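Participant: From the sequence below, what's the structure:
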Amino acid sequence: QLVESGGGLVQAGGSLRLSCTASGRRTNSYIMSWFRQAPGKEREFVAGIRWSTGDTAYEDSVKGRFTVSRETAENTVYLQMNMLKPEDTAVYYCAGTRRFDVVTSRSLYQDWGQGTQVTVSS
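Facilitator: As a prediction, this is how the structure comes out:
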């Protein structure tokens, strides 16, 4: 089970940090990622992290602005979002998959959180 928190309303240029806490023990071959879905659009990959090593991957539009990290002792993954833009407005979902490398296809993820709304005003 994955539970997200930390969404909200922020002005353009501002920051938010999302959290995703997972129940159960993470294995070495586990990836946790963030996806987002804006109204009328497909759910898209944002960033992912390999649980065992902390290796990360990002979607191009968020590189240099978003940072994904994990705290293994707390079974929690974070998404630090800086320099937010109105086009970042979406529902953000935490997802997990039992794989060794970060994958960007939503169909490859088995575990999903309920989502948290992020709204960036201009």
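Participant: Go ahead and produce PDB holding the CA coordinates of stretch 36-49.
Facilitator: Provided in PDB are the C-alpha atoms of stretch 36-49 (Å, rounded to 0.1, in the frame of the first residue of the first chain):
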ATOM      1  CA  ARG A  36       1.100  12.700 -12.800                       C
ATOM      2  CA  GLN A  37      -2.100  13.200 -14.700                       C
ATOM      3  CA  ALA A  38      -3.500  16.500 -15.800                       C
ATOM      4  CA  PRO A  39      -7.200  16.900 -16.800                       C
ATOM      5  CA  GLY A  40      -7.900  15.400 -20.200                       C
ATOM      6  CA  LYS A  41      -4.400  14.000 -20.500                       C
ATOM      7  CA  GLU A  42      -2.700  10.600 -20.100                       C
ATOM      8  CA  ARG A  43      -0.900   9.700 -16.900                       C
ATOM      9  CA  GLU A  44       2.800  10.400 -17.400                       C
ATOM     10  CA  PHE A  45       6.000   9.400 -15.800                       C
ATOM     11  CA  VAL A  46       7.700  12.200 -13.800                       C
ATOM     12  CA  ALA A  47      10.600  10.600 -11.800                       C
ATOM     13  CA  GLY A  48      11.700   7.300 -10.400                       C
ATOM     14  CA  ILE A  49      14.200   5.900  -8.000                       C
END
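Participant: buried residues in it?
Facilitator: For stretch 36-49, a neighbour-count test (16 or more other CB atoms under 10 Å) marks 36, 43, 45, 46, 47, 48, 49 as buried. Glycine gets a C-beta too; all of them are placed from N, C-alpha and C.
Participant: For that stretch, what is the distance to the chain centroid?
Facilitator: 9 Å (CA atoms, centre = their mean, to the nearest Å).
Participant: got it, and stretch 76-93?
Facilitator: The chain centre lies 8 Å from the centre of stretch 76-93; the measure is CA atoms, centre = their mean.
Participant: What lies in contact with stretch 101-110?
Facilitator: By CB atoms under 8 Å, 6 or more residues apart in numbering, the list of residues contacting stretch 101-110 from outside reads 31, 33, 35, 43, 45, 48-50, 55-57, 59, 95-99.
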